[in-house]
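Participant: Take a look and give me a structure for this.
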Amino acid sequence: MTDLREIVLTIPVFLLAISFHEYAHALTAVRLGDPTPRYRGRLTLNFHAHFSWLGALMLIIAGIGWAKPVEINTRNLRNPKTDMLWISLAGPTANLVLAVAFAMLVRLAIPWVTPASIVGRSVVTMLYLGVRLNVLLAAFNLIPIPPLDGAKVANALLPSHWGRALESMEPWGFVIIFVLLRFFGLDRLLYTVAATGSRILL
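Facilitator: Sure thing, here's the model as predicted:
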């Protein structure tokens with residue numbers, strides 16, 4: 001992400017996307033019996049509660065960022081394994097819902113925007129970025145590498161010994177993700193998924 005205008009327009013979209021994503025995790029956890037997110041101040045759409053400087057830096061460097069993970073105490077959940085599946089899926093699902101909402105706004109806005117309207121074109125660009133970024137975040141978070149949601153989904157679905165193997169990767173998770181993004185083409189794959197998803201929605 002090198003275009004300054006695109007970076008500026010992406011900032012509010014990114015903050016909204018991570019706020020909805022983490023709020024969805026927090027709300028689902030609370031509904032399933034764990035009050036920890038409420039006590040930690042995460043049951044909110046205020047981006048200050050969810051913001052991660054590392055995630056924001058990676059958005060600028062690699063074009064893909066993340067928020068501060070919501071802390072969950074599985075001992076408070078009624079059915080820990082099943083409940084963690086739903087909690088983990090809640091974030092990416094929230095991003096897909098936001099992507100659909102942004103796509104609808106793009107369709108509504110385009111007929112009213114003239115080529116000469118700089119503000120109008122900027123608004124449409126920001127809405128389009130909202131579609132693309134939310135699809136991108138949903139796809140990124142479903143990668144089965146801890147601490148991403150995909151690892152928690154896999155942990156809930158796989159036998160226990162595979163789940164423990166995944167959990168053992170967590171201290172190195174972000175390093176692995178960074179290497180895959182920068183040197184093994186994961187970023188290009190994710191951008192392709194985001195572009196395809198955006199075309200489908202638009």
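Participant: contacts and neighbour counts: CA atoms only from here.
Facilitator: Noted.
Participant: middle-most residue in this structure, spatially?
Facilitator: For the chain, the residue sitting closest to the mean C-alpha position, by C-alpha atoms, centre = their mean, is residue 137 at 3.6 Å.
Participant: and it, helix, strand or coil?
Facilitator: Recorded secondary structure, residue 137: helix (DSSP: H, G, I helix; E, B strand; the rest coil).
Participant: was I right about it contacting residue 92?
Facilitator: Yes. Counting by C-alpha atoms under 8 Å, residue 137 does reach residue 92; the two are 7.1 Å apart.
Participant: Now the longest helix seen in the chain: buried residues?
Facilitator: Longest helix of the chain, by residue count under DSSP state H: helix 80-109. For helix 80-109, a neighbour-count test (16 or more other C-alpha atoms under 10 Å) marks 83-100, 102-106 as buried.
Participant: which one in this protein is furthest away from the centre?
Facilitator: In the chain, counting by C-alpha atoms, centre = their mean, residue 116 sits farthest out from the average C-alpha position, at 33.7 Å.
Participant: Now do the lowest-mean-pLDDT helix or strand in the chain: everything it contacts.
Facilitator: Taking all helices and strands of the chain together, the one with the lowest average confidence (mean pLDDT, DSSP states H and E) is helix 53-62, at a mean of 79. Helix 53-62 is contacted from outside by 1-2, 7, 64-68, 181-182, 187, using C-alpha atoms under 8 Å, 6 or more residues apart in numbering.
Participant: Show me where this structure has its strands.
Facilitator: Per DSSP state E, the chain carries no strands over any range.
Participant: I'd say residue 71 and residue 34 touch.
Facilitator: No. When contacts are counted by C-alpha under 8 Å, residue 71 is not listed as touching residue 34 (9.9 Å).
Participant: So the two - more neighbours on which side?
Facilitator: Regarding residue 71 and residue 34, a neighbour count based on other C-alpha atoms under 10 Å identifies residue 34 as having more, with 21 against 15.
Participant: Got the phi and psi for the more buried one?
Facilitator: phi -100, psi 110 (degrees, to the nearest 10).
Participant: Let me know the pLDDT of the closest residue to it other than its chain neighbours.
Facilitator: By the measure of C-alpha to C-alpha, 6 or more residues apart in numbering, the closest residue to residue 34 outside its immediate chain neighbours is residue 76, 4.9 Å from it. The per-residue pLDDT reported for residue 76 equals 97.
Participant: Show me what stretch 123-137 is in contact with.
Facilitator: With contact meaning C-alpha under 8 Å, 6+ apart, stretch 123-137 is reached by 9-10, 13-14, 17, 64-66, 92, 95-96, 98-100, 102-103, 105-106, 109-110, 190-191, 193-195, 197-198.
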